[in-house]
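**Q** need a structure here:
(2 chains)
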Amino acid sequence: MGSLFRSESMCLAQLFLQAGTAYECLSALGERGLVQFRDLNQSVSSFQRKFVGEMKRCEELERILAYLVQEINKADIPLPEGETSPPAPPLKQVLEMQEQLQKLEVELREVTKNKEKLRKNLLELIEYTHMLRVTKTFVKRNVEFEPTYEEFPPLENDSLLDYSCMQRLGAKLGFVSGLINQGKVEAFEKMLWRVCKGYTIVTYAELDEPLEDPETGEVIKWYVFLISFWGEQIGYKVKKICDCYHCHIYPYPNTAEERKEIQEGLNTRIQDLYTVLHKTEDYLRQVLCKAAESVYSRVIQVRKMKAIYHMLNMCSFDVTNKCLIAEVWCPEADLQELRRALEDGSRESGATIPSFMNTIPTKETPPTLIRTNKFTEGFQNIVDAYGVGSYREVNPALFTIITFPFLFAVMFGDFGHGFVMFLFALLLVLNENHPRLNQSQEIMRMFFDGRYILLLMGLFSVYTGLIYNDCFSKSVNIFGSGWNVSAMYSSSHATKEHKKMVLWNDSVVRHNKVLQLDPSVPGVFQGPYPFGIDPIWNLATNRLTFLNSFKMKMSVILGIIHMTFGVTLGIFNHLHFRKKFNIYLVSIPELLFMLCIFGYLIFMIVYKWLVYSAETSRVAPSILIEFINMFLFPASETIGLYPGQEHVQRLLLAVTALSVPVLFLGRPLFLLWLHNGRSCFGVSRSGYTLVRKDSEEEVSLLGSQDIEEGHNQMEDGCREVTNEEFNFGEILMTQVIHSIEYCLGCISNTASYLRLWALSLAHAQLSDVLWAMLMRVGLRVDTTYGVLLLLPVIAFFVILTVFILLIMEGLSAFLHAIRLHWVEFQNKFYTGAGTKFVPFSFSLLPSKFHNNDLA
Amino acid sequence: MPESAELYFNVDHGYLEGLVRGCKASLLTQQDYINLVQCENLEDLKIHLQTTDYGNFLADQTGPLTVSIIDTKMRKKLCREFEYFRNHSLEPLSTFFTYMTCSYMIDNVILLMNGALQKKPVKDILAKCHPLGSFMEMEAVNIAETASDLFNAVLVETPLAPFFQDCMSENTLDELNIELLRNKLYKSYLEAFYKFCKNHGDVTAEVMCPILEFEADRRAFIITLNSFGTELTKDDRQSLYPTCGKLYPEGLCLLAQAEDFEQVKRVADHYAVYKPLLDAVGNNNEGKALEDVFFEREVQMNVLAFNRQFHYGVFYAYIKLREQEMRNIVWIAECISQRHRTKINSYIPIL
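**A** Got it, this is the predicted structure:
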């Protein structure tokens, strides 16, 4: 049995890492991913740990890198992703790297700041020119409006004289002009009107081209406005309001010459700024391009470094502070590799004293490691979804590889559908290295991860489909049917035989809608079809009755075999955990209970199949009645299947009845006896925590080590040994509950396996309906137009087949198969109370290179 | 049919309620506070906060940490959550959210006006404003000189407008008047909010009304205590009391006549809810400050709000609890940065 049968045996190892080499050692370990670290400083909060300074440095580096990536992305420079992942940086290089990065950041920040400033400047100038251009048309209009105001005498309409006119009136006319965000225009105008009570004139026009907002960088529509007002007070308020709405205010030229002058000045400045800006941008691009080359490896390196320090934070220092002590779980098979990794790490750092390790005995439950490959992974996931197996427990995944696809296929039995599924899975399997499949998301990912499950499910469906002789609900006649219709005609038989049999003649055939073939007529039934169901059943009206009886019996037989197998696996568990008494007191009574009732049922089914033939079928007793009578002891004698049946049944019932009290009381009483008589033999009741027998010596060794390390054993919660109180009442209760669950479960679980029949029936009927409603309609049309109609009909048929029969039905069969495994199979032996082994491995770090990972 | 809120509440607000309950679960625990108190400096505080729901909210901070940076960042985070709730809300929950922001808006308006009175630059004060209560017209507040000016020019289109009906006056806004304005605004705000919740009925009313009643009474007590030794007349004082609390009407009359703390205490003696609270207040150094006692009671009520389902009170309670948590963190951070460890434990625990 390979590693899939049980999880790997683990041992707790103590690593003594010299302070100087710890980093390199962990780097070597992380590359290999061998061990799982245990947190020895659980009570210490994150900021009080040893390597908090280094963590901070890593975070600082990450922040800089995130900034770099952000800038690089902003500049649209492609980020190359390296194929290989660089190792964690040696400590000497870290400082250098940090300096480099910091210098780069400072430089970048400066350049971008300059660039932003220039850009802002440029935008402002552009806005100003736009404003000047637009407002040129305003003033003349202003003049036209002014007469409507009552406070002021009418003015002449010539040129720009309004300004001087106002001066003559003694009021100071002021202008405020600028740009405002499109969305704020309305509120702005309202507020102006309300505050200034109408003593202002606002003119505005939409700017034809959208400009960038210098603060947010968004491109939005702007309005150019010009406010003319009279008086200081109002001017003050107007400016306040402009501030409030974040308007961009630019000085308003009073005369046409001034305007022209300003415009010319602006144009030259804009030209200058453009050139400067281009140069800055070029330079920035250069810097970023250079940075982009190394950014990927830097990000990975920093991530690894951070992971190492995170692990080092879990280690404790020894008294002399020269040595770091880490406790790790390591698979026993990998201990050599672990030693080698430590040596490598020590050598790399050039330390004189090597880091070393020793294994320490423990009473704790180690984590569960089951090595999987790409094939077994999917099946292991099905089991793990129910619960990660307890340490060294029998792993149902091994059997699931066969039983899961098989039970699925029993429900999904149609070799046409199965073949399509198989092809789809094969496509996934053959292209599994395709990068697009590897990175697919959501549903596609689900299919991709389960591609081997799908493959097997498809294959098995082909097999069961052949057994059911179903291909898109039609049967295939490969070997030639074993039934012969012509033999039913009276003409094919000698006249003397006619008396005994009901034979057909022309009038019978003509007047009866339904005719029945009689297998007892010689020549009609020539022997069973070599493989699967005879295709002639596809024509029969009583096909369903026949198939139902077959499938129902089949699902009961499969279910009981499956469950019995589960109980048998429990024996392996008891053997491994050295609880032989459990075999006699639990497993065997359980087996007897199951087999004496349901095993006997199987026996009756098979017996009836074998013994009764077509001729004797009329006298064959009903299994249902026989089975019920087994419990009821009816007064009247029944015919029975075989002689002496009654005695056998009584015996079986007696065995069943006897196994129940054993099941209920056996284990608790035995444990009580053990406790009273042989109390020195420590038996752990709950779970299988007691793996090794710990000798007194080891325990004392453990204690002394603790004192050496300066640990207080009471504090060290991880290593507390649970000396459980013997509580007879509790044991009895759990055992009683377990037994009741088992006994009732035997019945309800057996019934539960009938879902195999129900789903396969549903699947067959659904595909039959689809065929009858679509294809048959399409095929009936005459040949001239048939082709035109058949094409859409086939397309429709294919779509419905894929979505309803393959995906929907497939999912439901999948779910039911999962349920049969989790509930009916695994609860017979599987505890699933373990924790998964999570090694410290760099390969588990996110290797994807996205900016949101960094941000 | 308000009785059957259970039937249709989730149609409109189920998502947000689920969200807010999730958010509430991420409030700092007692263990977190114990760890925070142990911090040596603000960097430690930052590292510890990183392990909580605050995450790396300070990650892109280059310069040295200060308490005010932490405070602003936390506020921003709260504001982001609130905006999310608000953007995804439907009526009448969105009105409820608007009511919630009103109190912050009132505070901001008053803050800005005080700033304008002291001739401080608007930019500085804006930074101090609570982001939950910021609105577009806010910056123009300082052009107004009288309360009616303020209403007509600036606030007429904001949700605050209805609260102005009682406080239209032509008096120029000096410090006292601003304070009066704040209290009057708050009074009408609380009453309006109370009425809204009451009219909404159902569990929302059952949960929110006690909270708002408590809020009203707290204001009444605090106004009374703050008015001792000022030129505020008793009638004026009474006009500031929100009338939706448990103290209304007799208690408020008595409070209006009170002249020192002992008399206030005697008023509280008539109310089973407030008697223990005021009794817990010690003199000078012993016992707790009145404010803290009220905060503790508030936290208690807000936590209880989460025991009921299908109501809006959870949103109010969550924001208030977060605020209290932020006050706690700021308190701890202040104590750490000023090396004033003796009082570090007097934060208000959120149960």
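
**Q** measure the residue in the stretch 201-350 of chain A that chain B sits nearest to to A:A291 for me?
**A** In the stretch 201-350 of chain A, the residue that lies nearest chain B is A:C244 (3.9 Å; Cβ to the nearest Cβ). (Glycine included, C-beta is placed from N, CA and C.) From A:C244 over to A:A291 the distance is 42 Å, taken as Cβ to Cβ, to the nearest Å.

**Q** what does A:S491 give?
**A** For A:S491 relative to A:A291 (Cβ to Cβ), the value is 97 Å.

**Q** So residue 291: helix, strand or coil?
**A** Using chain A. helix (DSSP: H, G, I helix; E, B strand; the rest coil).

**Q** what's the closest non-adjacent residue to it?
**A** Spatially, and ignoring its direct neighbours in sequence, A:A291 is nearest to A:L68 (5.5 Å; Cβ to Cβ, 6 or more residues apart in numbering or on different chains).

**Q** Quick check on that neighbour: phi, psi?
**A** A:L68 has phi and psi values of phi -60, psi -50 when expressed as degrees, to the nearest 10.

**Q** what about it, neighbour count?
**A** The local packing of A:L68 (other Cβ atoms under 10 Å in any protein chain shown) involves 25 other residues.

**Q** next one: B:E83
**A** Neighbourhood size, B:E83 [other Cβ under 10 Å]: 13.

**Q** Okay, now the unreliable bits of the stretch 651-800 of chain A?
**A** Along the stretch 651-800 of chain A, segments meeting pLDDT under 70 span A:678-725.

**Q** again, only using 90
**A** Across the stretch 651-800 of chain A, the ranges flagged by pLDDT under 90 are A:666, A:671-729, A:772-794.

**Q** for it, what spans make up the helices?
**A** With DSSP state H, counting those that start in this stretch, the ranges of helices along the stretch 651-800 of chain A come out as A:696-708, A:728-752, A:755-770, A:776-780, A:783-800.

**Q** Which other helices and strands does the fourth one contact?
**A** Right, the one you point to is helix A:776-780. helix A:783-800 (3 or more Cβ pairs under 8 Å, 6 or more residues apart in numbering or on different chains; DSSP states H and E).

**Q** just checking, what packs against the helix it packs on?
**A** helix A:776-780.

**Q** who touches the helix it packs on?
**A** A:786, A:789-790, A:793-794, A:797 (Cβ atoms under 8 Å, 6 or more residues apart in numbering or on different chains).

**Q** Mind doing that once more with 7 Å?
**A** A:789-790, A:793 (Cβ atoms under 7 Å, 6 or more residues apart in numbering or on different chains).

**Q** Pipe these into a markdown table and attach neighbour count per row.
**A** What follows is the contacts of helix A:776-780, written out as a markdown table (neighbours: other Cβ atoms under 10 Å in any protein chain shown):
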| residue | neighbour count |
| --- | --- |
| A:L789 | 15 |
| A:L790 | 16 |
| A:V793 | 18 |
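
**Q** tell me, how many neighbours does residue 90 end up with?
**A** Using chain A. Applying other Cβ under 10 Å, we find 13 residues neighbouring A:P90.

**Q** The chain in question should be chain B.
**A** Here the number of neighbours of B:L90 (other Cβ under 10 Å) works out to 10.

**Q** Kindly provide the distance from it to B:Y318.
**A** 18 Å.

**Q** ditto for B:A305
**A** B:A305 sits at a distance of 9 Å from B:Y318 (criterion: Cβ to Cβ).

**Q** Also A:I227?
**A** A:I227 is 45 Å from B:Y318, by Cβ to Cβ.

**Q** the more surrounded of these two?
**A** A:I227 (27 against 23).

**Q** Note down every partner strand of the helix or strand hosting the more buried one and its orientation.
**A** Assigned by DSSP states H and E, A:I227 belongs to strand A:222-230. Applying DSSP bridges, strand A:222-230 is found paired with strand A:173-181 (antiparallel), strand A:200-206 (antiparallel).

**Q** Out of the ones you listed, the one nearest A:R819 is which?
**A** strand A:173-181 (60.1 Å; Cβ to Cβ).

**Q** any chance you could map the helices in the stretch 301-450 of chain A?
**A** A:335-349, A:376-386, A:397-411, A:415-430, A:435-438, A:442-449.

**Q** Tabulate those in JSON lines, adding columns for mean neighbour count and distance to A:L207.
**A** Shown next, in JSON lines, are these (neighbours: other Cβ atoms under 10 Å in any protein chain shown; distance: least, Cβ to Cβ, whole Å):
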{"stretch": "helix A:335-349", "mean neighbour count": "18", "distance to A:L207": "65"}
{"stretch": "helix A:376-386", "mean neighbour count": "19", "distance to A:L207": "60"}
{"stretch": "helix A:397-411", "mean neighbour count": "24", "distance to A:L207": "66"}
{"stretch": "helix A:415-430", "mean neighbour count": "19", "distance to A:L207": "56"}
{"stretch": "helix A:435-438", "mean neighbour count": "10", "distance to A:L207": "46"}
{"stretch": "helix A:442-449", "mean neighbour count": "13", "distance to A:L207": "45"}
